[in-house]
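>>> With the input below, show me the fold.
(2 chains)
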Amino acid sequence: MSMLVFLEQHGGELQKGSLGVLAKAASLGSNDVAAVIVGDGAKALAAEAGAYGAAKVFVAEGEALQQALPQPRVDVLAKVVQEHGYETVLLANSVLAADVAAGLAARLDAGLNWDLVDLTGDLVGKRLALQDTVLVDVGWKTTPRIALFRAGSFDATPTGGGEPQVEDVTVELSEHSQQATITGQELEESSGPSIEDADIVVAGGRGLGAAENFSLAEELARALGGAVGATRAVVDAGWYPYSAQIGQTGKVVSPKLYVALGISGAIQHKVGMQSSNVIVSINKDANAPIFEFSDLGVVGDVHEIVPRLTELIKQRKGA
Amino acid sequence: MTRASDFPPPFDPRDYVAEPTAPADERIEVGVLIVGAGPAGLACAIRLGQLLGEHPDVAERLGEVPVAVVEKGKQPGSHLLSGAVVNPRALRKLGFRPEDVPNYGEVHEEAVYVLTKRAALRIPPPPTMRNHGNWIMSLSQLGRFLAEQAEEGGAMVLPETAAERLLVSHGRVVGIRTGDKGRNREGEPMGNYEPGSDLVARVTVLAEGTQGHLTGVALDRFGLRSEEPQVWELGVKEVWRVPKAPRHVIHTMGWPLRTSAKYREFGGSFIYPMGDDMLTIGMVVGLDYRDAELSTHDVLQELKTHPKIAKLLRGGERIGWGAKTIPSGGWYSLPSKLHAPGLLLCGDGVGMVNIPRLKGVHYAIESGRLAAESAFAALRRGATPSTALQSYDDGVRNGFIGADLHEVRDMRQVFGRGFFVGGALASAMTVSRGRIDFGKMRAEPDAEQPLLTTNRAASYPAPDGKVTFDKLSSVFASGNKTRDDQPNHIRIERRVPKEVAEMWVNLCPAQVYEIGTEGSDGTVTVNVAASNCVQCGAITAKGGRLTPPEGGSGPEYQLT
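Next up, the predicted model:
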């Protein structure tokens, strides 16, 4: 059972999500887990891939592969799969990886299961369906099998693997893979970690009362070293930017700690954060649905509790 | 007296009529363009496929795409919702046996109850509610099935495509312009912006269903509205998986609606088995009601707490939800003409519904079939003059659609006299098969009803998340995951008296409206969460105007 994991890197940094998938692949008992790293500095990252379980790392560098475009990556992956006969290709969802997965499936005429949250040793994928209310088993009828995992499905925990075997891949890019180019890239200003990557998310809802009260969430997030999220209702009301919206039509997050301030817990919000490890909610309405899926619920006024909580955390951290 | 109609929406139908704008070589040219992949539009496409198959010479003349269907939903069926107990007559005429389309069996047993808060009195089914020989279906499933048939017959079905403007050139409809995609809330193009395109056709068939956007625009543009205004009802329904479905088709009247004439609460509920382990339960309420706190969504929740109904749901789980308006003006509210140069109007869009029988699907299918016949005949002759499509009007009025609607022509209006008086009159009318002439009873537009408040909301149950639900959970169960940062597609006056705002808040089954800040003059602002919208159309009946959002938005109905 051979597995190939696409490791996404930007600016010499391997993305946490794809390392999580690699660690998962290594845990499934396969003796042939390899990784593919594309772009400048790929070779330098091979050792890190080894630490997360790759016995072999294919690296492809070169000017044509510098930009984070999907089609050249499809060329690389297709070549590795065809030449080495990998039966299973795993990717962690991202804007880039979703394109790569779709392109690869089309190129190899392969089956793609997307939005998976788990995979078993006998290659049964798990996917949430009917708006995350049921978990269904999915499989593949043919090889290669391609799987795209939902962000945050697996922890990126080093497996203690050793130095991997490194192999250079040179690939002749197809004509159509060279048609697109990135003309500009901008980073959205953000003070802390992005909410999808953060281990701690402090999210605010309508119960904060007013846009200016979001400073409560921001200060608590700063004290905890986390990111700030928001519900659709407050984004709709213009209190906070859309990029911070968590839920069905916003971002899906699964941090280690999720602190919900003044959030009622409508199902549209729940599906964006229910897989968080620990959920702490503060809401003055004891009947708010969020308490049904919180690990710790505090019935009280966020305006009184949060400043004191922030103060306490600062003291502890300072001490 | 406060009336929603005194606060009209900022909407002018003329803004949605345009000359073809795109350069001629960028237009998409089709033979017959059908707007709406519902029973009417798809029946039209299927019949055209049959006729063009028999006459390849005509098909040849219509170019590469002889028949196209545009659909604003994610896929055909996404926006379809009905009871639905379907009279199979029109399907048969189209060439389908009811047993060959997706169905949940023929109706064999039925029961009608008058409910009070705790009791249920079984009464013999009124003549209009006898359903023997009719078939239980999911309209959403039927839509998907018919779309496959239409495609097999050669039609091109374009989902996620909203028909936004009617293209009119020299007094003749020449197609539609589709809506833009990828605009942000302020209307600015974003990275994935895609402008709409002109779809130019020899004949355009509007089969948009209830509260059709371009149907409304066309009725105004060509002066086709009836003297009698159209009125609507709002249906809200749920699909449940249950340990054991009832054997009967069940209808209820009375509670939780109030039967006194001054409230004008006309409606009832339906419960249909869907196979052995599913049922659908829905509540239908006339939108000529007056109480600002009446909420059809919450009346349905209340209904489910009745001991008789709760028993049917015990051990079950809600697996679907949806809402849609039903035109209920009947015969007198039909447009003066069902065609204009280059244009045909079908189905619910023009109000082909038999309210006492709770039936409309077979009229939609039949009108689509007749539209196909008429369009084909005109295209075959190469005719385009304004009278070429008159045969469609004749077909509708002289066929069973016209006969059925004429028979029950006064039915809707009589219920304004209160439930019991109205019920008696309605029965007399049906038993006499329409021979008693009660004279033309005028209806007022739904938005002109003076509003009152009676603390009605106090009786709605608190949602428990198991049997009774809040509106946001219901929107979730509709499959709606509309992009939030798109332009608002709902036109309403944003500053209105509190009563009007409250009426809208309660009216909407999808929690779109919310009362904002209160002004010093007793008015309030109304906030709109447009992405919750399931496009039921109730707001258009009650003083606002729905326009189509970006294609692909709205609910994704599966079983409704």
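>>> Run through the strands of the stretch 151-300 of chain B in chain order.
In the stretch 151-300 of chain B, strands defined by DSSP state E, counting those that start in this stretch lie at B:156-158, B:163-169, B:172-178, B:181-183, B:189-194, B:198-206, B:232-241, B:249-254, B:267-273, B:278-286, listed in chain order.
>>> Of all the ones you listed, which one comes closest to A:Thr159?
Each of the strands of the stretch 151-300 of chain B has some distance to A:Thr159 by C-beta to C-beta; the shortest is strand B:189-194, at 38.6 Å. For every residue, glycine as well, the C-beta is placed using N, CA and C.
>>> so where's the stretch 1-150 of chain A uncertain?
The model of the stretch 1-150 of chain A has pLDDT under 70 over residues A:131.
>>> Sketch out the strands for it, chain order is fine.
Assignment of strands within the stretch 1-150 of chain A using DSSP E, counting those that start in this stretch yields the ranges A:2-7, A:9-10, A:13-14, A:32-38, A:56-60, A:88-92, A:111-119, A:125-129, A:134-138, A:145-149.
>>> List the buried residues of the fourth one.
The reference is to strand A:32-38. Buried residues in strand A:32-38, counted by 16 or more other C-beta atoms under 10 Å in any protein chain shown: A:Val33, A:Ala34, A:Ala35, A:Val36, A:Ile37, A:Val38.
>>> And these, which is closest to chain B?
In terms of C-beta to the nearest C-beta, no member of those lies closer to chain B than A:Val38, at 23.9 Å.
>>> Kindly reformat the strands of the stretch 151-300 of chain B as JSON lines containing mean pLDDT.
Compiled in JSON lines, the strands of the stretch 151-300 of chain B are given as follows (pLDDT from 0 to 100):
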{"stretch": "strand B:156-158", "mean pLDDT": "96"}
{"stretch": "strand B:163-169", "mean pLDDT": "97"}
{"stretch": "strand B:172-178", "mean pLDDT": "96"}
{"stretch": "strand B:181-183", "mean pLDDT": "94"}
{"stretch": "strand B:189-194", "mean pLDDT": "90"}
{"stretch": "strand B:198-206", "mean pLDDT": "96"}
{"stretch": "strand B:232-241", "mean pLDDT": "96"}
{"stretch": "strand B:249-254", "mean pLDDT": "91"}
{"stretch": "strand B:267-273", "mean pLDDT": "93"}
{"stretch": "strand B:278-286", "mean pLDDT": "95"}
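>>> mind putting those strands in JSON lines, distance to B:Asn398 and mean neighbour count included?
Formatted as JSON lines, the entries for those read as follows, by distance: least, C-beta to C-beta, whole Å; neighbours: other C-beta atoms under 10 Å in any protein chain shown:
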{"stretch": "strand B:156-158", "distance to B:Asn398": "31", "mean neighbour count": "19"}
{"stretch": "strand B:163-169", "distance to B:Asn398": "28", "mean neighbour count": "23"}
{"stretch": "strand B:172-178", "distance to B:Asn398": "24", "mean neighbour count": "24"}
{"stretch": "strand B:181-183", "distance to B:Asn398": "42", "mean neighbour count": "18"}
{"stretch": "strand B:189-194", "distance to B:Asn398": "44", "mean neighbour count": "10"}
{"stretch": "strand B:198-206", "distance to B:Asn398": "20", "mean neighbour count": "26"}
{"stretch": "strand B:232-241", "distance to B:Asn398": "27", "mean neighbour count": "25"}
{"stretch": "strand B:249-254", "distance to B:Asn398": "31", "mean neighbour count": "23"}
{"stretch": "strand B:267-273", "distance to B:Asn398": "31", "mean neighbour count": "24"}
{"stretch": "strand B:278-286", "distance to B:Asn398": "29", "mean neighbour count": "25"}
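>>> any chance of the ones you listed in CSV, plus distance to chain A?
Putting those into CSV (distance: least, C-beta to the nearest C-beta, whole Å) gives the following:
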stretch, distance to chain A
strand B:156-158, 22
strand B:163-169, 22
strand B:172-178, 23
strand B:181-183, 14
strand B:189-194, 11
strand B:198-206, 28
strand B:232-241, 12
strand B:249-254, 27
strand B:267-273, 22
strand B:278-286, 14
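>>> and B:Leu389, which of those strands is closest to it?
Using C-beta to C-beta as the measure, strand B:198-206 is the one of the strands of the stretch 151-300 of chain B that comes nearest B:Leu389, at 7.4 Å.
>>> helices or strands next to the closest one in the packing?
Contacting strand B:198-206 under the criterion 3 or more C-beta pairs under 8 Å, 6 or more residues apart in numbering or on different chains; DSSP states H and E are the following elements: strand B:28-35, strand B:67-70, strand B:163-169, strand B:172-178, helix B:213-221, strand B:343-345, helix B:361-381.
>>> any idea how far the fifth one is from the chain center?
Average the C-alpha atoms of helix B:213-221, do the same for its chain, and the two points are 15 Å apart (C-alpha atoms, centre = their mean, to the nearest Å).
>>> That one to strand B:172-178, inter-axis angle?
150 degrees (axes from the mean of the first three to the mean of the last three C-alpha atoms, to 10 degrees).
>>> how about helix B:213-221: buried residues?
Buried residues in helix B:213-221, defined by neighbour count with 16+ other C-beta under 10 Å: B:His213, B:Leu214, B:Thr215, B:Gly216, B:Val217, B:Ala218, B:Leu219, B:Arg221.
>>> with those in mind, which one is nearest to chain A?
The nearest one, if we look at the buried residues of helix B:213-221 relative to chain A and count by C-beta to the nearest C-beta, is B:His213, at 23.3 Å.
>>> can you pull the contacts of the closest one?
If you count contacts by C-beta atoms under 8 Å, 6 or more residues apart in numbering or on different chains, B:His213 has them with B:Tyr16, B:Ala163, B:Glu164, B:Leu546, B:Thr547, B:Pro548.
>>> which other helices and strands contact the longest helix that chain A contains?
When secondary structure is assigned using DSSP state H, the longest helix within chain A turns out to be helix A:302-318. For helix A:302-318, the packing partners by 3+ C-beta pairs under 8 Å, 6+ apart come out as helix A:214-224, strand A:278-283.
>>> who does the longest one touch, helix- and strand-wise?
Put plainly, it is helix A:214-224. Where contact means 3+ C-beta pairs under 8 Å, 6+ apart, helix A:214-224 is packed against strand A:200-204, strand A:227-230, strand A:257-261, helix A:302-318.
>>> Around A:Trp140, how many other residues sit close by?
18 (other C-beta atoms under 10 Å in any protein chain shown).
>>> What sits closest to it if chain neighbours are left out?
A:Gly111 (4.6 Å; C-beta to C-beta, 6 or more residues apart in numbering or on different chains).
>>> who's that neighbour bridged to?
Beta-bridge pairing of A:Gly111 under DSSP bridges involves A:Arg145.
>>> residues in contact with it?
For A:Gly111, the residues meeting the contact criterion (C-beta under 8 Å, 6+ apart) are A:Ala105, A:Trp140, A:Lys141, A:Thr142, A:Arg145, A:Ile146.
>>> how close does it sit to B:Ala340?
When distance is defined by C-beta to C-beta, to the nearest Å, A:Gly111 is 50 Å away from B:Ala340.
>>> Output stretch A:276-287 as CSV, restricted to C-alpha atoms.
Included here for stretch A:276-287 are C-alpha records, laid out as CSV according to Å, rounded to 0.1, in the frame of the first residue of the first chain:
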residue,chain,number,x,y,z
SER,A,276,-12.9,22.5,18.4
ASN,A,277,-11.2,20.5,21.2
VAL,A,278,-12.6,22.6,24.1
ILE,A,279,-15.5,25.0,23.8
VAL,A,280,-16.0,27.7,26.4
SER,A,281,-19.1,29.9,26.2
ILE,A,282,-20.1,33.0,28.0
ASN,A,283,-23.7,34.1,27.5
LYS,A,284,-26.3,35.7,29.7
ASP,A,285,-29.1,33.6,28.2
ALA,A,286,-29.1,30.3,30.1
ASN,A,287,-31.3,28.8,27.3
